[in-house]
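>>> I'd like to go over a predicted model; first the sequence, then the structure.
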Amino acid sequence: MAKRPSASDPLRSRDTPVPSLSDDRSVVTPYYICGPTASGKSSTALEMAEKLDGEIVNADAFQLYRGLEIVSAAPSAHERTLVPHHLYGVLNPTDAADAQLYVKLAKPVIAEIQSRGKTPIITGGSGLYLKFLTHGAAPLPTADAALRAEMDGRSLEDLVADLQRLDPVEASRTALQNRRFVSRALEICILSGQKASDLRDQWESKTAEIASSLRGVVIQRSRPDLHARIALRTRAMLDGGALEEVAALASVSSNCEKAIGFREIRSLLAGEIDRATCEDLINAATRQYAKRQETWFRREQWLTPRRYH
C-alpha cells in the first residue's frame, strides 16, 4: 500500500501560533480558520481544537470526498485520532456537491458539537462554501436560460442602455465593458422587478450585521513562503501515493474531477506527460488557486489576518 504523507510532514508542522480568543468561554461560538491552500490551516485547527476542547469541521470542497485524501491533502489518520474531525470523506467520488449541499451537511454537525459544549473549529479554503455557511445565499434570482439567450442576441450597447435606464446606480458600479457583468445585473432587475443595486445594498447591510457576530482568522504568508510550501506539498503528494489514489478512481463527478492534481495525474498515468511536467503543472495550478483564495478572503473583513514570514 502506498504511504501517504505523515503528520510529521513539514506542512503539518506546528509553526502557526494559536490565535487569541475572546475571554467569554460561556458561549460556544464557532471559530473559523481560513486561508489559501498550503498556508497551515490544518495544523492551526488542530492546535485550536486541542486548546479549546473543540472539534474540527471540514470546509474544503474536495476533502468531502472519499478516495481523494492524498490529492486533497486531507488530515492524516494520526491527526484524526488527536481530536474529532467531521465531514471528511463523507461523499462518494461520483457524488455532485455544491455550497448549498455543504451547508445542509455542516449545520447539523456544528449544532451537535455545540450541544455537547464543544467549540466547532471550522477550517478550509473553499470561500463560497464558507460564505454560504456564515451568511447564507444572496437573495438574488438564479439565471434564466431563456432570458440569457435573448440577451445574448443583443448588442452590449443595448444591454448597457437598458441597465442605465432600469438601475443607474448599479450601472455606475458595473464594469460596462464586461458583457457578463452587465447581463447579470440586468437579469437581476428584470427577474426580481427590483433594482439590482437595492438588492445588493440590502444584502451587504445584512452580511455586515452577521459578520459582527463571527470570529475567525485568515492565515497569510508571503508569496515566496507560500509557493515553497505548495511545492513541498506537491512533491509529498506525488511521492505519497497520489498516483495510486487517482488510478483507483475509475469514475468521478465533475466536482471531484476539479481537484487540483487530479487531471494532471491522469495525464501522467496515460503517458501524455512525464513526472516533472506533472509536478510543474500541479504547482502552477495550485499557485493560481491560492491567489484566487487570497483575493476572496481579503473581502471577508470579519476575518482577522494572521501573517507569517
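That came through fine.
>>> any stretches of the stretch 51-200 of the chain with poor pLDDT?
Nowhere does the stretch 51-200 of the chain drop to pLDDT under 70.
>>> and Leu249, that's in a strand?
No. Counting by DSSP: H, G, I helix; E, B strand; the rest coil, Leu249 falls outside a strand, being coil.
>>> how many neighbours does it have?
By other Cβ atoms under 10 Å, 18 other residues sit near Leu249. For the C-beta atoms, the positions are set from N, CA and C on the backbone; glycine is no exception.
>>> just Arg229 next, same as before
21.
>>> before we move on, what about Ala149?
Using other Cβ under 10 Å, Ala149 has 9 neighbouring residues.
>>> name the helix or strand for it, please.
helix 145-152 (DSSP states H and E).
>>> what are the buried residues along that helix?
For helix 145-152, a neighbour-count test (16 or more other Cβ atoms under 10 Å) marks Met151 as buried.
>>> who does it touch, helix- and strand-wise?
Helix 145-152 is packed against helix 179-192, with contacts defined by 3 or more Cβ pairs under 8 Å, 6 or more residues apart in numbering; DSSP states H and E.
>>> who touches Arg200 in this structure?
By Cβ atoms under 8 Å, 6 or more residues apart in numbering, the contact set of Arg200 is 138, 140, 170.
>>> out of those residues, who's nearest Glu69?
In terms of Cβ to Cβ, no member of the contacts of Arg200 lies closer to Glu69 than Ala138, at 32.5 Å.
>>> excluding chain neighbours, what is closest to that closest one?
Ranked by Cβ to Cβ, 6 or more residues apart in numbering and with sequence neighbours excluded, the top spatial neighbour of Ala138 is Trp203, at 5.2 Å.
>>> kindly report the same for Ile265.
In space, Ile265 comes closest to Val246 once its chain neighbours are excluded; the distance is 4.4 Å by Cβ to Cβ, 6+ apart.
>>> ok, residues contacting the helix holding Ala149?
Contact with helix 145-152 is made by 159, 183, 186-187, 190-191, as judged by Cβ under 8 Å, 6+ apart.
>>> please redo it, this time with the cut-off set to 7 Å
Contacts with helix 145-152, where a contact means Cβ atoms under 7 Å, 6 or more residues apart in numbering, come from 159, 183, 186-187, 190.
>>> what packs against the helix or strand following that helix?
Per DSSP H and E, the first helix or strand lying C-terminal to helix 145-152 is helix 156-166. With contacts taken as 3 or more Cβ pairs under 7 Å, 6 or more residues apart in numbering; DSSP states H and E, helix 156-166 sits against helix 168-172, helix 179-192.
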